[in-house]
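Trainee: Provide a 3D model corresponding to the input given below.
(one chain, ligands or ions: 1)
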Amino acid sequence: MPTIDDVTAIPLRRELDERFANAQKWIDSREYCLVRVKAGEQTGWGECWGPVAGNRELVEEYVAPRLRGRDPTNVEQIHDDLVFELRSSYHSYVPASVVGGVDIALWDLRGKLRGESVASLLGGRRRDSVRAYATGHFFRDVDSFDALRAAVVEEARGHVKAGFTALKNKIGLARHTPWGREEDIELVRAIREAVGDDVTLLTDANHAYDAADARWVGRRLADLDVRFFEEPIPPEGIDQYARLNDALDVSLAAGECWAFEGEFRRAVEAGAVDYLQPDVTSAGGITSTDRVASLARSANLQAFPHVFGSAVALAASLQVLATLPGEPLLEFDRTPNPIREDLAVEPITNDRDRVPIPDRPGIGIEVDEDILAEFRVD
Ligand code: CA
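Mentor: Numbers count the residues shown, from 1 in each chain. Have a look, this model is predicted:
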């Protein structure tokens with residue numbers, strides 16, 4: 001087996017034609033820090049969560065020297081060693097995004113070296129395609145609430161016309177717009193009226209609310225038959241989550257801001273949510289996401305991975321989704337994003353409301369080197 005001889009961080013960035021917002025921030029560009037790990041003739045690809053700044057330096061200056069010479073198929077050992085060493089070096093701050101980027105690249109590499117898909121290495125596929133929900137319906141640069149509602153409703157109708165049977169919209173307007181919780185509910189009501197009762201609706205507040213507003217909004221979302229209310233409150237408030245989960249009829253979902261098994265275990269033990277949403281790029285890679293999925297299974301909860309990345313994150317998430325029991329849903333970002341759409345030689349696309357899961361070695365995609373060069377910013 002060849003040993004690891006190169007670990008490189010590759011920063012990608014693309015300005016968007018039109019900016020959009022969630023409750024946290026305006027988004028006017030998409031940027032990613034990919035991780036490329038080479039062993040002999042094989043290459044594995046991973047992706048870190050978040051800005052390039054920080055991730056790039058840690059991958060190249062801290063991780064690369066520790067990985068060179070190691071057996072790339074010892075993925076869980078390397079993952080655990082990396083977490084241990086990063087904790088020693090950075091104490092309470094363990095950069096899970098860096099661990100995630102490296103871990104995904106190692107799983108891809110392990111699969112390619114063994115000639116097996118990651119799903120196969122994780123125990124085998126339960127499905128060849130997965131039902132996807134259309135993530136979108138972000139806030140726009142408009143002057144009136146009527147214009148925002150019209151844009152969001154038009155978008156929802158478009159997704160249903162394209163075959164989607166589940167949609168997720170954004171609420172939490174008060175932080176970045178002149179509107180507030182009344183209009184948040186009005187957005188969901190307008191989508192429900194436009195698409196009818198048969199479409200599954202999910203709603204995401206990006207932890208915008210205080211406890212009282214979260215309860216007020218959650219009660220109304222239950223009346224609109226929302227399947228889950230995502231990140232109603234800040235991620236560190238595990239006990240507040242548990243109280244909210246007890247008080248509300250609508251199910252709660254969270255996890256994109258939690259990392260490694262320990263944070264998810266605390267949430268499970270507190271009864272914080274019904275749906276765990278680990279993200280392969282931010283929770284600590286495929287290793288951590290698979291461990292969180294096992295934790296969910298042992299607690300009789302569903303894990304629905306969070307996905308908002310490039311084609312690498314999407315492909316890695318699909319490999320995990322292939323293995324999950326029950327009826328998992330893929331978060332399928334529908335915002336315009338050339339890095340997500342063009343980076344893989346064979347793009348991952350939906351067929352109505354399902355997304356086929358590649359069944360090739362590793363995470364199942366081939367990175368287009370020309371597109372990579374086009375978006376590379378170093
Ligand atoms: Ca979210």
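
Trainee: dump the residue contacts of the closest residue to residue 139 other than its chain neighbours.
Mentor: In this structure, residue 139 finds its nearest non-sequential neighbour in residue 21, 4.1 Å apart by C-beta to C-beta, 6 or more residues apart in numbering. All C-beta atoms are positioned from the backbone trio N, CA, C, and that covers glycine. With contacts defined as C-beta atoms under 8 Å, 6 or more residues apart in numbering, residue 21 is in contact with 27, 138, 139, 140, 170, 176, 177.

Trainee: all strands in the stretch 51-200 of the chain, in order from the N-terminus.
Mentor: Counting by DSSP state E, counting those that start in this stretch, residue ranges of the strands within the stretch 51-200 of the chain are 129-135, 166-170, 200-204.

Trainee: Output these as a markdown table; include the columns mean neighbour count and distance to residue 106.
Mentor: Formatted as a markdown table, the entries for these read as follows, by neighbours: other C-beta atoms under 10 Å; distance: least, C-beta to C-beta, whole Å:
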| stretch | mean neighbour count | distance to residue 106 |
| --- | --- | --- |
| strand 129-135 | 22 | 23 |
| strand 166-170 | 23 | 30 |
| strand 200-204 | 24 | 30 |
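
Trainee: CA atoms only: put stretch 304-312 into PDB for me.
Mentor: C-alpha atoms of stretch 304-312 as PDB (Å, rounded to 0.1, in the frame of the first residue of the first chain):
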ATOM      1  CA  PHE A 304     -30.300  13.900   8.000                       C
ATOM      2  CA  PRO A 305     -26.900  15.300   7.000                       C
ATOM      3  CA  HIS A 306     -26.600  19.000   6.500                       C
ATOM      4  CA  VAL A 307     -25.100  19.800   3.000                       C
ATOM      5  CA  PHE A 308     -24.200  23.300   1.700                       C
ATOM      6  CA  GLY A 309     -20.900  22.800  -0.100                       C
ATOM      7  CA  SER A 310     -19.200  22.100  -3.400                       C
ATOM      8  CA  ALA A 311     -19.500  18.900  -5.400                       C
ATOM      9  CA  VAL A 312     -17.000  17.200  -3.100                       C
END
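
Trainee: Tell me which of the strands of the stretch 51-200 of the chain lies nearest to residue 358.
Mentor: Comparison of those against residue 358 by C-beta to C-beta identifies strand 129-135 as nearest, at 10.4 Å.

Trainee: Give the bridge partners for the residue nearest to residue 139, please.
Mentor: In this structure, residue 21 has beta-bridge partners residue 26, residue 139, where bridges are defined by DSSP bridges.

Trainee: so how far is residue 191 from it?
Mentor: From residue 21 across to residue 191, the span is 17 Å (C-beta to C-beta, to the nearest Å).

Trainee: So which residues of the stretch 201-350 of the chain form helices?
Mentor: Residue ranges of the helices in the stretch 201-350 of the chain, as given by DSSP state H, counting those that start in this stretch, are 211-223, 238-247, 260-270, 285-298, 311-321, 338-342.

Trainee: Just give me the lowest mean pLDDT stretch among the ones you listed.
Mentor: For the helices of the stretch 201-350 of the chain, the weakest mean pLDDT is recorded on helix 338-342, namely a mean of 89.

Trainee: quick one: average pLDDT of the next helix or strand after that one?
Mentor: Taking DSSP states H and E as the definition, the helix or strand that follows helix 338-342 towards the C-terminus is strand 354-356. Regarding strand 354-356, the rounded mean pLDDT is 98.

Trainee: which parts of strand 354-356 are buried?
Mentor: Of the residues in strand 354-356, those with enough neighbours to count as buried (16 or more other C-beta atoms under 10 Å) are 354, 355.

Trainee: where's the residue nearest the centre of the chain relative to residue 228, distance?
Mentor: Central residue check for the chain by C-alpha atoms, centre = their mean: the C-alpha nearest the mean position is that of residue 307, 2.3 Å away. Distance of residue 307 to residue 228, given as C-beta to C-beta: 15 Å.

Trainee: what does residue 203 give?
Mentor: Distance of residue 203 to residue 228, computed by C-beta to C-beta: 8 Å.

Trainee: residues shared between the contacts of the two?
Mentor: Common neighbours of residue 203 and residue 228 are not found (criterion: C-beta under 8 Å, 6+ apart).

Trainee: Got the domain ranges for this protein?
Mentor: Under automatic domain parsing, the residue ranges defining each domain of the chain are 6-115+370-375, 121-367.

Trainee: now for the longest helix along the chain, which elements pack on it?
Mentor: Among all segments of the chain classified by DSSP state H, the helix with the greatest residue count is helix 96-114. Secondary-structure packing of helix 96-114 (3 or more C-beta pairs under 8 Å, 6 or more residues apart in numbering; DSSP states H and E): strand 4-21, strand 26-39, strand 42-48, helix 52-57, helix 75-90, helix 118-121, helix 285-298, helix 311-321.
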